[in-house]
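*Asks:* Provide a 3D model corresponding to the input given below.
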Amino acid sequence: MDPELIDLLRADLTSAEYNTAAVTSLLGVTADGARQRGVFTPALRVLKGRETSALATLTRVFLLGETGTAAELDAALPKLGHAGAEQLGLLTGDPDSHHFRAVLSLNPVALEAASGASEWWIISDLDDQLRRGPARPDHVMGVGGATRSLITQAPSGKVGSALDLGTGCGIVALHLACELVDVADAKIVATDISERALMLACANARLNGQQDRIEFRQGSLFEPVDGERFDLILSNPPFVITPQNQPADTERYEYRDGGMRGDDLVAGVVSDAPKHLTVGGTLLCLANWECPWGVDGLERAQEWIAGPQDRAEHVAAWVIERDRIEPAQYAETWARDGGARPGSEAFDTLMTGWLDDFAERNVVAIGLGSIRLQRLDMNNSCSASIHVERAGGPFSPDAGEVLQSAFKAATRVAQMSDAQLLETRWLLDSGVTEEREHQPGRNPRERSHSLPNAESPVA
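*Replies:* Numbering: from 1, shown residues only. Okay, here's the model as predicted:
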């Protein structure tokens, strides 16, 4: 994408106040909430009663999938113009009607993190509601729930170097640039195997004024950073477990399918990460793991992390499983994700391929979660633990700071000797709470080892 045209677009979006708060104010909370769920009618009804403005035009065309005339778009984008937007690939026009529609998404995105809120403009491919058809194989996703979860869980604080492994539209790299802005000579590298993803990620970096902060490199997983180490690695890799036995003409989406069987890609990321971390450096990776019959998927994740006994790097890790779903539900989710709909031949073919693949390998469930891993100092002879657990519920905006603090404390304790544990003065964390329960009517101070039987009188 032409960098000069991107600069003109940035100036126009700034002038139009094209941001999440302004869009919500324009549409109202209810209509904007419906829009974010893919229901556009309430927002379109609201816009009919609003005066024409640059913000209204941009919202109608890029957020609601409606067309705009050349005159309307020239007024909304006075520096770039409809011709410049078409040259950037944002719009396509009908030569007969002189109306233009969006062919790329241009979204204002707000992110909440421990360090505060940040606002970005993100160019990506149209999502399912606006695309109204199957995605292209090199589809570049915008900012979805998984990416937001990764950023929410990410450690806060300044580090000297960071890697966004599998950058996609580049939003994680932008977040890293924001977090590292006060660090002199900080290095931020973003990698992806998709040439198209890197094109849009570079455009987003320039659109948000971060083009000089991020270095983009093309290649598979850690290949572009061979021999380099980072203080922090964040990754939302193509972790979707995709069957390899589907027909040759079945579309494979680069953003979710790494081309490996089962959960081998995530296993590779986790096992290779330690040699790309500095001592004390952290990897945070979103992941799916299979649960074959009689085997807990969390145990398999532990084996990936532990690695061979002669591995050069010592590590500690924390694996959190946020959900566990059955193969049929997993297959349905990702069949729909590509644009197939229940009842269609394409949907049935995809479902069959997934279920056959899971059945062949006796997979009875799939775990969804994240893996946090830290490289330890080799001079410390004490082994650190690999902790796994299941946890439900949404993460709060400050989850990254809390999770990283807990992880560091647990890692430190695991490396202590008995004497060190006894010598340490322990302080109660402010987040620790105590819950008690007692039987109504009974004095909480009373001790009872049995409950009244069915014949006992009750109040």
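
*Asks:* Spell out for me which residue occupies the centre of the chain.
*Replies:* Nearest to the geometric centre of the chain sits residue 147, at 1.4 Å (CA atoms, centre = their mean).

*Asks:* Next up, the contacts around it.
*Replies:* Contact analysis of residue 147 by CB atoms under 8 Å, 6 or more residues apart in numbering lists 141, 168, 171-172, 236. C-beta here means a position set from N, CA and C on the backbone, and glycine is covered the same way.

*Asks:* switch to 10 Å and redo it
*Replies:* When contacts are counted by CB atoms under 10 Å, 6 or more residues apart in numbering, residue 147 touches 109, 111, 141, 168-169, 171-172, 175, 234, 236, 286.

*Asks:* for residue 129, same thing?
*Replies:* So residue 129 contacts 35-40, 64-65 (CB under 10 Å, 6+ apart).

*Asks:* so how far is residue 317 from it?
*Replies:* As judged by CB to CB, to the nearest Å, residue 129 and residue 317 stand 38 Å apart.

*Asks:* Tell me which residues touch residue 351, please.
*Replies:* 327-328, 331-332, 334-335, 340, 342.

*Asks:* please redo it, this time with the cut-off set to 6 Å
*Replies:* When contacts are counted by CB atoms under 6 Å, 6 or more residues apart in numbering, residue 351 touches 331, 335.

*Asks:* Doesn't it lie inside a helix?
*Replies:* Yes: assigned with DSSP: H, G, I helix; E, B strand; the rest coil, residue 351 falls within a helix.

*Asks:* contacting residues for residue 324?
*Replies:* So residue 324 contacts 365, 367 (CB under 6 Å, 6+ apart).

*Asks:* and if you look at residue 74?
*Replies:* Residues near residue 74 by CB under 6 Å, 6+ apart: 81-82.

*Asks:* any idea which element it lies in?
*Replies:* For residue 74, the element it lies in under DSSP states H and E is helix 70-76.

*Asks:* Mind exporting the C-alpha coordinates of the helix or strand following that helix to PDB?
*Replies:* Downstream of helix 70-76, the next assigned helix or strand under DSSP H and E is helix 81-88. C-alpha atoms of helix 81-88 as PDB (Å, rounded to 0.1, in the frame of the first residue of the first chain):
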ATOM      1  CA  GLY A  81     -10.600  11.200  -1.900                       C
ATOM      2  CA  HIS A  82     -12.600   8.200  -3.200                       C
ATOM      3  CA  ALA A  83     -10.000   7.700  -6.000                       C
ATOM      4  CA  GLY A  84      -7.200   7.400  -3.400                       C
ATOM      5  CA  ALA A  85      -9.300   5.000  -1.300                       C
ATOM      6  CA  GLU A  86      -9.900   2.900  -4.400                       C
ATOM      7  CA  GLN A  87      -6.200   2.900  -5.200                       C
ATOM      8  CA  LEU A  88      -5.400   1.700  -1.600                       C
END
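
*Asks:* buried residues in helix 81-88?
*Replies:* Buried residues in helix 81-88, counted by 16 or more other CB atoms under 10 Å: 81-86, 88.
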